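Could you look at this predicted model? Sequence included:
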Amino acid sequence: MRVLIVEDEHKIAQAIKKGLEQETFSVDLAYNGNDAYDLAAAESYDAIILDLMLPGMNGLEVCKKLREEKNHTPILMLTAKSELEDKIAGLNTGADDYLTKPFAFEELLARLRALLRRPQTALKNELICGDLTLNTQTYNVTRNKKTINLSKKEYALLEYLMRNKGRVLTKDQIISHVWDYNSNVLLNTVEQYIGYLRKKIDRNFPSKKSLIHTVRGFGYKISEENV
C-alpha cells in the first residue's frame, strides 16, 4: 500500500515514514501544502496522512481542493489543535479521520488501517485466493497451510495483487502502488519480482494450480482461474 505523508516538521515526517516502511507500506513525503497537492493530484495513493498546519496551502485547503476534484483517497488529518471547531472543519472539508498531536505511532497505524478497511477501498485483514492466504495484521502468508517467507517488497507486491484478485494490473499500476515516488524502478524490476513470487507461490507447490498469471500485452493478475 502506498501512502503520502504531508508534514512540515521533518523529524516527525521521517519518523512516520520509517515506521510505516517497517510495516511494508511504500511512503512518499511532502513538507508543504503545494507539493502535497501536486503529488496527490498526479500520483495514485491508497491513503494520505495530512497535517493541518502547513506552509503554502494548509491541510484544509489541500483536502478541500482534492475533494472538489473528485479525489476520494482516504485522508487522515493531523493537528496540534484539539479544539472541536478544528476537528469539525477538517471533517467537513472531506477528511475521513483526525489525530491530535502528540500521538503514539501505534494509534496512527491503527487509524490508517481502519481507513483502508472502509467500503470504498474494500480492504480486509485477511486476503484469500484459493488456498493462498495473506494476513495484513500478522504479515503471515501461507499456501496449503504452509508458511511462505517473503521479503518486504515481495509481500507488498503480493498484497497489492491479492487486493485486486482477478483484475489485470499493468506494470505501471504495480510500480505506482508498490514502490515510492523516489524509487528508480524499471519495468523489468516488476518482472523480476513477479518471478520471485512465482517461485515461492507457484513453483514450490507443483501439485497446485498456478495462481499468478501473465496476461500478455497487458500485465499480471492473481486468480484461481486460468487466463
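Everything's here; your move. Residues are numbered from 1 along each chain as shown.

Burial check on the closest residue to Phe205 other than its chain neighbours, number of neighbours?
Spatial nearest neighbour of Phe205, excluding adjacent residues (C-beta to C-beta, 6 or more residues apart in numbering): Arg143 at 5.8 Å. The C-beta positions use only the backbone N, C-alpha and C, and glycine is treated the same way. Number of residues near Arg143 (other C-beta atoms under 10 Å) recorded here: 20.

Let me see the contact set for the nearest residue in space to Glu9 that is not next to it in sequence.
Leaving aside its sequence neighbours, Glu9 sits nearest to Asp51 (C-beta to C-beta, 6+ apart; 7.9 Å). Counting by C-beta atoms under 8 Å, 6 or more residues apart in numbering, Asp51 touches Val6, Glu7, Asp8, Glu9, Gly59, Met77, Leu78, Thr79.

Please parse the protein into its domains.
With domains defined by automatic domain parsing, the chain comprises 2-116, 126-222.

most tightly surrounded among those?
Mean neighbour count (mean count of other C-beta atoms under 10 Å) peaks for domain 2-116 among the domains of the chain, with a mean of 18.

for that one, how far is the first residue from the last?
11 Å (C-alpha to C-alpha, to the nearest Å).

What pairs with the helix or strand hosting Val3, parallel or antiparallel?
For Val3, the host element (DSSP states H and E) is strand 2-6. Applying DSSP bridges, strand 2-6 is found paired with strand 26-30 (parallel), strand 47-51 (parallel).

where do the strands sit along the chain?
Ranges of strands in the chain, per DSSP state E, are 2-6, 26-30, 47-51, 75-79, 97-100, 126-129, 132-135, 141-143, 146-147, 212-215, 219-222.

Need those strands in CSV (columns: distance to Asn188 and mean pLDDT).
Converted to CSV, those look like this (distance: least, C-beta to C-beta, whole Å; pLDDT from 0 to 100):
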stretch, distance to Asn188, mean pLDDT
strand 2-6, 20, 96
strand 26-30, 19, 95
strand 47-51, 29, 96
strand 75-79, 34, 92
strand 97-100, 39, 89
strand 126-129, 25, 91
strand 132-135, 25, 94
strand 141-143, 24, 96
strand 146-147, 29, 96
strand 212-215, 13, 94
strand 219-222, 13, 95
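
contacting residues for the residue nearest to Phe205?
Contacts of Arg143 (C-beta under 8 Å, 6+ apart): Asp131, Leu132, Thr133, Ile201, Phe205, Lys208.

Report the beta-bridge partners for it.
Beta-bridge partners, per DSSP bridges, of Arg143: Leu132, Lys146.

how far away is it from Leu157?
16 Å (C-beta to C-beta, to the nearest Å).

Report pLDDT for Glu85.
pLDDT, Glu85: 69.

circling back to that earlier point, distance to Lys65 for the strands of the chain - can I get that in CSV?
What follows is the strands of the chain, written out as CSV (distance: least, C-beta to C-beta, whole Å):
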stretch, distance to Lys65
strand 2-6, 13
strand 26-30, 14
strand 47-51, 12
strand 75-79, 12
strand 97-100, 18
strand 126-129, 33
strand 132-135, 35
strand 141-143, 39
strand 146-147, 45
strand 212-215, 36
strand 219-222, 31
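
how about those, which one is nearest Tyr181?
For these, the distance to Tyr181 is smallest for strand 26-30, at 4.5 Å, taking C-beta to C-beta.

First-to-last residue distance for stretch 138-151?
End residues of stretch 138-151 are separated by 14 Å (C-alpha to C-alpha).
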